[in-house]
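> structure for this input, please:
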Amino acid sequence: MAFSYDFLPPIVPDMLPAFQRNKIKLFFTLSQSTDIQIIQGIEFKIISQYGDKVYIENNFVNYVPIKNIYKCTEADDLLYGDHYIIIDTSTLDCDIFYKVQFRFYKGKDLTTIIDLNNFSEWSAVCLIKKLKETKITI
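Predicted coordinates for the structure are as follows:
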């Protein structure tokens, strides 16, 4: 695969805060040489710390089209990246770490023949962890 300097992988934080919700934001930042205009979407993969469980959002691939990639506007979000996607985490097990990686896609449609020249390299790993619901009684 030819390496392209205008299509570098997303930059991700090393770890995101633990969460209890069933929908979370996964953050990333564009490299300075990547133009958001050429990106058609982002593919992500989530694998348990033991490598035995893989998160699949649909039957094909964990793919988010460009229309569902959001720019961060809240100050707290900007600590983790300048863009994010929202995923459903209801199927993730609690109290184990998951490794998340992203890569950009610039082709026309990800459901057609996959041309690896249309993908960036995979990002570094970001760790996430879902916690059990906390109950506090007084």
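> which secondary structure element of this structure has the lowest mean pLDDT?
Here the helix or strand of the chain ranked lowest by mean pLDDT, DSSP states H and E is strand 54-55, holding a mean of 77.
> quick one: contacts of it?
Here strand 54-55 makes contact (Cβ atoms under 8 Å, 6 or more residues apart in numbering) with 45-48, 62, 91-92, 98. C-beta coordinates here come from the backbone N, C-alpha and C atoms, glycine included.
> I'd like to know how many residues surround D115.
Using other Cβ atoms under 10 Å, D115 has 12 other residues around it.
> next one, pLDDT for it please.
Listed pLDDT for D115 reads 73.
> excluding chain neighbours, what is closest to it?
With sequence-adjacent residues excluded and distances taken as Cβ to Cβ, 6 or more residues apart in numbering, D115 is closest to G107, at 6.2 Å.
> A helix includes that neighbour, no?
No - counting by DSSP: H, G, I helix; E, B strand; the rest coil, G107 is not part of a helix but coil.
> so how far is Q37 from it?
14 Å (Cβ to Cβ, to the nearest Å).
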